[in-house]
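Undergrad: could you look at this predicted model? Sequence included:
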Amino acid sequence: MKGKLGIWIFWTGYFTLAAVLQLLSGDFPSSFFEFPVNVASLLLWVSVIWVIFREYPESAAGALLASWQTTCITLCAFLTVCIVQGLSPVKVTGTWWFIAAVFALISHLLMVFLRGALRPRSHRTRFILNHGGLLLALAAGLFGSPDTKEWRTVADMLHGTARAVDEHGHLAGLQHELRLEGVSADSYSNGVPKNYEATVLLDSTESIILRVNHPYALSWRDDMYLAGVNGISDGETQTGSCIIQIVRHPWKYAEWAGIIMLMAGSAMLFLSGPSSGSTKRKRPGCPKTEEADL
Amino acid sequence: MISWPDFIYFALPALGLWISGAVMAVRGRYRAAIVLTVSGIALYAAFIILFWAGLHRPPMRTTGETRLWYSFFMTLSGAAVYARWRYRWILPFSVLLAAVFIMVNLLKPEIHDQTLMPALQSGWFVPHVTVYMFSYSVIGCAAIMGVASLVRRTDRYLYSADSLMYVGTAFLTFGMLSGALWAKAAWGLYWSWDPKETWAAVTWLLCLMYVHLRLVRPCDRKVSCILLILAFIGLQMCWYGVNWLPSAQESMHVY
């Protein structure tokens, strides 16, 4: 397995298995991985890779996860599924092969991150921010995806509502009652909306103002968004309704942390530029290196 | 007040200055090339500033308006690369690329009214678009280096391409992630695999592949050059090519 051929055989088998599972069982059963199964899976995954990294770095699994061939294969696989998604009019992100590509990439990324972060190297901070940030954002996106939910509801002035429709069209109860108190809209002379906002009464007690790009935090995991307003002409009116979107996204903090780390890493990439020891100096003979120094 | 019909009065003189600068660069007259090119950039920048003031909003809403920025940053990046590495041919190629997008804007003018939909009224709008356009122009210059390296069969230009790709990738990353933070505030999720986002990821991955390949296999000249060219094609897809795909019908980014 340590040889290049073994690595290629493993990954070919891995992606073939994903394709076969897709053919046999349809899309990935993401609902099975809702909390707490996703957290348990995440801990198990990190533990397995940690044990391989610490205890068996020279094993076949260690060599497989840390090799340059795996870097190429996982990046190319992820690129391929992104291109397929980019060309496809339907979402393919719930398929076995898409999730297999993301999982392979983050598994390799975790191994490379552990190796690079825990040993002396040049541009170590930059490496940690870029690879750790990407790892955190991707892992939180993948493992947190089953817990992410969206609902939409229409609030009007006549009745309060505590029900909403999820992305599959199923009716669900909300933990809060919403009633529209007022809407205001401003338009350009050609009728294009300039600004609109809705005042919503929450649980008959709290009055909140919703605007585009300004969500309201219902709880640590739920945010409320203004998706649209209906029946509004210029100026303030006393009739109408608004579409409210509620997003449950408990893993948003991990994703945010990953994004901020990656932004800081990209700033360091700009400031420090290419490593003087690698790209600027010509290497005669192009020596092949089995272990990627990423 | 400056409006879109005035574009031709700024664009053609600026283009004339840039072409003159490129000719001077080819003839080896460095100072004249820089003066002419920078004068053209200043004239073009003057139009952007005055047009911005006339519109009462950032001129970044339509594809035509992003072409305006791309032409500006393309010549700016070309001039910076010429000033840094003195490649005589970089200015003609960067001016040619800028000229193509200026001509498209002149021959296919789009509506440039003052409207700015509520979703675009965000603090992220200006940094997101300008950073993206700058990264596109830098990656465009790197792609020119890649073509030169492929045609002349030398890896000499790839060392300059490396520096450009680090800058381009850093800005592309910032642009993509600022878009993710904006998307969270506007739509609820950082990333929703919208066609535009997906093609941004494709472009970014190609840039990352180039950076990693150069670290590990610095002598894979052909593959490096091909990755540079593919990254350039990827960013064209992300920028406007995506609008022609069937998947764009569901996109929240069509403009």
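TA: Happy to help now that I have it.
Undergrad: which residues does stretch B:187-201 contact?
TA: Stretch B:187-201 has contacts (CB atoms under 8 Å, 6 or more residues apart in numbering or on different chains) with A:82, A:85-86, A:91, A:93, A:137, A:141, A:148, A:150, A:215, A:223, A:225, A:245, A:247, A:249, A:252, A:255-256, A:259, B:172, B:175-176, B:179-181, B:183-184, B:234, B:237-238, B:241-242, B:245, B:247-248, B:250-253. All C-beta atoms are positioned from the backbone trio N, CA, C, and that covers glycine.
Undergrad: doesn't A:Ile243 belong to a strand?
TA: Yes - assessed by DSSP: H, G, I helix; E, B strand; the rest coil, A:Ile243 belongs to a strand.
Undergrad: for it, list the residues it contacts.
TA: Neighbour list for A:Ile243: A:Arg152, A:Thr153, A:Val154, A:Leu226, A:Ala227, A:Gly228, A:Val229, A:Asn230 [criterion: CB under 8 Å, 6+ apart].
Undergrad: go again using 7 Å as the cut-off
TA: A:Arg152, A:Val154, A:Ala227, A:Gly228 (CB atoms under 7 Å, 6 or more residues apart in numbering or on different chains).
Undergrad: give me the pLDDT for it.
TA: Listed pLDDT for A:Ile243 reads 94.
Undergrad: hey, what's it bridged with?
TA: Here A:Ile243 sits in beta bridges with A:Val154, A:Gly228, going by DSSP bridges.
Undergrad: gap between it and A:Ala101?
TA: For A:Ile243, the distance to A:Ala101 equals 35 Å [CB to CB, to the nearest Å].
Undergrad: go on, B:Ala148?
TA: For B:Ala148, the distance to A:Ala101 (CB to CB) stands at 34 Å.
Undergrad: compare those two (neighbour count), which wins?
TA: Counted by other CB atoms under 10 Å in any protein chain shown, B:Ala148 and A:Ala101 do not tie: A:Ala101 has more neighbours, with 25 against 20.
Undergrad: surely the more buried one is in a strand?
TA: No - per three-state DSSP, A:Ala101 lies outside any strand segment and is helix.
Undergrad: enumerate every residue touching it.
TA: By CB under 7 Å, 6+ apart, the contact set of A:Ala101 is A:Ala77, A:Phe78, A:Val81.
Undergrad: closest to chain B out of those residues?
TA: Closest to chain B out of the contacts of A:Ala101 is A:Phe78 (6.5 Å), distances taken as CB to the nearest CB.
Undergrad: helix/strand/coil for the closest one?
TA: helix.
Undergrad: surely it and B:Val202 touch.
TA: No - A:Phe78 is not in contact with B:Val202 according to CB atoms under 7 Å; the separation is 9.6 Å.
Undergrad: give me the more crowded residue out of the two.
TA: Taking neighbours as other CB under 10 Å, A:Phe78 and B:Val202 compare with B:Val202 leading, 24 against 21.
Undergrad: looking at this, the more buried one is in a strand?
TA: No - using three-state DSSP, the secondary structure at B:Val202 is helix, not a strand.
Undergrad: confirm for me that it is in contact with A:Val81.
TA: No - taking contacts as CB under 7 Å, B:Val202 lies outside contact range of A:Val81: 10.1 Å.
Undergrad: so what sits against both of these two?
TA: Common neighbours of B:Val202 and A:Val81, using CB under 7 Å, 6+ apart, do not exist here.
Undergrad: scan chain A for its longest strand.
TA: Of all segments of type strand in chain A, defined using DSSP state E, the longest is strand A:171-187.
Undergrad: what sits against whatever residue of the stretch 101-250 of chain A ends up closest to chain B?
TA: Distance from chain B to each residue of the stretch 101-250 of chain A (CB to the nearest CB) is smallest for A:Val247, at 3.5 Å. By CB under 7 Å, 6+ apart, the contact set of A:Val247 is A:Glu150, A:Asp223, A:Tyr225, B:Gly188, B:Leu189.
Undergrad: please apply the same query to A:Asp203.
TA: A:His176, A:Glu177.
Undergrad: same deal with B:Val126?
TA: For B:Val126, the contact set (CB under 7 Å, 6+ apart) comprises B:Pro58, B:Met60.
Undergrad: list the buried residues of the one helix or strand it maps to.
TA: For B:Val126, the host element (DSSP states H and E) is helix B:125-152. Applying a neighbour-count criterion of 16 or more other CB atoms under 10 Å in any protein chain shown, one finds B:125, B:128-146, B:148-150 buried in helix B:125-152.
Undergrad: next one: stretch A:186-205
TA: In terms of neighbour count (16+ other CB under 10 Å), stretch A:186-205 has its buried residues at A:Ser187, A:Pro193, A:Lys194, A:Tyr196, A:Glu197, A:Ala198, A:Val200, A:Leu201, A:Leu202.
Undergrad: phi, psi for the third one please.
TA: Its backbone dihedrals place A:Lys194 at phi -100, psi -50, with angles given as degrees, to the nearest 10.
Undergrad: which parts of the stretch 151-294 of chain A are strands?
TA: Along the stretch 151-294 of chain A, the segments classed as strands by DSSP state E, counting those that start in this stretch run A:161-166, A:171-187, A:193-202, A:206-211, A:216-217, A:222-230, A:235-237, A:241-248.
Undergrad: quick one: the longest one to strand A:161-166, angle?
TA: Angle of strand A:171-187 versus strand A:161-166, following axes from the mean of the first three to the mean of the last three CA atoms, to 10 degrees, is 100 degrees.
Undergrad: kindly report the same for the last one.
TA: Orientation note: strand A:241-248 sits at an angle of 70 degrees relative to strand A:161-166 (the same axes, to 10 degrees).
Undergrad: buried stuff in the host helix or strand of B:Asn105?
TA: Per DSSP H and E: B:Asn105 is located in helix B:90-107. Using 16+ other CB under 10 Å as the test for burial, helix B:90-107 gives B:90-95, B:97-99, B:101-102, B:104-105.
Undergrad: contacts for that helix?
TA: Contact with helix B:90-107 is made by B:7-8, B:11, B:15, B:18-19, B:21-22, B:25-26, B:33, B:37, B:64, B:67-68, B:70-71, B:74-75, B:77-78, B:81-82, B:140-141, B:144, as judged by CB under 7 Å, 6+ apart.
Undergrad: select only the buried ones of those in PyMOL?
TA: Burial among these is assessed by 16+ other CB under 10 Å; the matching PyMOL selection reads:
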select buried, chain B and resi 7+11+15+18+19+21+22+25+33+37+64+67+68+70+71+74+75+77+78+81+82+140+141+144
